[in-house]
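Novice: Give me a model of this one.
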Amino acid sequence: MFQRDIISKLELWVDKANRKPLVLRGARQVGKTTAVNLFAKNFDRYIYLNMDLEDDKALFEQGFTVFELYEAILLHKRMATREGKTLIFIDEIQNSPKAVAILRYFYEEMPHLCLIAAGSLLETLIDTQVSFPVGRVEYMVIRPCSFSEYLTALREENARKLLDTFPFPNYGHEILMKHFKIYALIGGMPEIIKRYSSGDQIADLSSIYESLLSSYADDVEKYARNETLKNVIRHVIQHSFYSAGERIAFQGFGQSKYKNREMGEAFSTLEKAFFLYLAYPVTSVTIPMEPNQRRAPKLQLLDTGLVNFSLGIQSEIFNAKNLSDAYRGRIAEHVVAQELLSLNDSVLYKLNYWTREDTGSMAEIDWVVQHKGYVIPIEVKSGPTGKLRSLHQFIDRAPHHCAVRVNAGPLAVTEEKTIKGKSYKLLNLPFYLVNKLPEYLNEMVS
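Specialist: Residues are numbered from 1 along each chain as shown. Below you'll find the predicted structure:
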């Protein structure tokens, strides 16, 4: 086990005055259980319940009041009642609708207890088989490891210290780029990082990638509500990696003959399971950023390392002199999106890209983020600023003068002009600092 950044967020949750039971959401194998086990070290007593285990699940099937249930749990776990901070963790809670229902009573009648719930298939069941107590629980998303967590796992204390230094000292640029290239290659799945940090070579990780991919495919029957949807989901899982980072259409995806409605439902189901993410475009350069769901979304997969393995391009990434040029730049854009998503643990957070409203326009910005009331464009590019034509079109329309280019170069802020002559500041951000973007935007916007 290695330290995850979400631990500090869990500590903030514990200290809330009106703390509610917390439901951890996220894909399989992203480290939900491990993170809670690490967090549990802060408590006097830790009670772990797994709804995959019949004895644990049976405790919630007896019709107990919440007080009786708590006493039954203590008796079952052979624990005595005592003073101190107690954490209860209900894992795989989707297997027990009664456990879900009783969460509200822990909130209302035993608020002194800290309660966390999680489940690997939870997200596909929220709207159908399981009814969550509205207003009585809160949610937090856990995603694959960020680059900074990767450095922590590899015990690269000096590199992590450099990464946290503001502004970043450019003498550390080459070493951080080398680290980031490996991170972009193997990805952020905790088991992969754990094995790599223990000395396994990249070639030795194939069995873990295969196991992860097989586990997602094997879960299809649990995701699907009928046989047709089961087949469509299998098709999407099989073909999605080939379209990672691209705009897609549901109709005919992966050269299929499935109907648009069937394909849309399959994508929606897998998005709830956090296996993939659909990023829709916005056309405005000011807030609010309203996604246009009639336009083609970009397809983002759970983890860039899984994409590289599935496509068989690990050698290309490893040998690339510039990450921006590998696999036509799609991997660079994909891993940047993964880092941007890791910045936010809200289930409501959405990542978008930008296109012009004009019919037939080819202008497109890789990603846009909202910061202090502004919509900030982010391009993932190599090459001179003169080629940033879409970025120039965005800046010419925007009420501000700030833009971001992510590339393999060192950190710099330069004064630029659009083709039409509008001056703006361009934050040239190296890949390894994407996870620190808010700090650098604060400085530039101010």
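Novice: For the rest of this, base every contact and every neighbour count on C-alpha atoms.
Specialist: Will do.
Novice: got the CA coordinates for the helix or strand containing Ile116 in CSV?
Specialist: Per DSSP states H and E: Ile116 is located in strand 114-118. Provided in CSV are the C-alpha atoms of strand 114-118 (Å, rounded to 0.1, in the frame of the first residue of the first chain):
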residue,chain,number,x,y,z
CYS,A,114,-17.9,7.7,10.7
LEU,A,115,-19.3,5.5,7.9
ILE,A,116,-17.9,4.9,4.4
ALA,A,117,-19.5,2.7,1.7
ALA,A,118,-18.2,1.6,-1.6
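Novice: and that strand, which strands flank it?
Specialist: Strand 114-118 pairs in its sheet with strand 22-25 (parallel), strand 86-91 (parallel), by DSSP bridges.
Novice: So for the last one, mean pLDDT?
Specialist: It stands for strand 86-91. Mean pLDDT, computed over strand 86-91, is 96.
Novice: Run the chain-centre distance for that strand.
Specialist: Relative to its chain's centre, strand 86-91 lies at 23 Å (Cα atoms, centre = their mean, to the nearest Å).
Novice: Distance check, Leu323 against Glu109.
Specialist: 54 Å (Cα to Cα, to the nearest Å).
Novice: quick revisit: list the buried residues for the strand holding Ile116?
Specialist: By neighbour count with 16 or more other Cα atoms under 10 Å, strand 114-118 contains the buried residues Cys114, Leu115, Ile116, Ala117, Ala118.
Novice: How about stretch 282-293?
Specialist: Buried-residue list, stretch 282-293, by 16+ other Cα under 10 Å: Val282, Thr283, Ser284, Val285, Thr286, Met289, Pro291.
Novice: can you list the residues you listed in JSON lines and add distance to Lys417 and pLDDT?
Specialist: Below are those laid out as JSON lines (distance: Cα to Cα, whole Å; pLDDT from 0 to 100):
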{"residue": "Val282", "distance to Lys417": "24", "pLDDT": "96"}
{"residue": "Thr283", "distance to Lys417": "22", "pLDDT": "94"}
{"residue": "Ser284", "distance to Lys417": "21", "pLDDT": "94"}
{"residue": "Val285", "distance to Lys417": "18", "pLDDT": "95"}
{"residue": "Thr286", "distance to Lys417": "20", "pLDDT": "95"}
{"residue": "Met289", "distance to Lys417": "25", "pLDDT": "92"}
{"residue": "Pro291", "distance to Lys417": "28", "pLDDT": "94"}
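Novice: Reformat the buried residues of strand 114-118 as JSON lines; add pLDDT and distance to Gly252.
Specialist: JSON lines is the format used below for the buried residues of strand 114-118 (pLDDT from 0 to 100; distance: Cα to Cα, whole Å):
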{"residue": "Cys114", "pLDDT": "96", "distance to Gly252": "47"}
{"residue": "Leu115", "pLDDT": "97", "distance to Gly252": "44"}
{"residue": "Ile116", "pLDDT": "98", "distance to Gly252": "41"}
{"residue": "Ala117", "pLDDT": "96", "distance to Gly252": "38"}
{"residue": "Ala118", "pLDDT": "93", "distance to Gly252": "35"}
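Novice: possible to save these as TSV with distance to Lys381?
Specialist: As requested, the buried residues of strand 114-118 are exported to TSV (distance: Cα to Cα, whole Å):
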residue	distance to Lys381
Cys114	45
Leu115	44
Ile116	41
Ala117	41
Ala118	38
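Novice: Can you name the residues in contact with the one helix or strand Ala35 maps to?
Specialist: Per DSSP H and E: Ala35 is located in helix 32-39. Outside helix 32-39, the residues that touch it by Cα atoms under 8 Å, 6 or more residues apart in numbering are 1, 3-4, 6-7, 10, 24-26, 89, 91, 118, 142.
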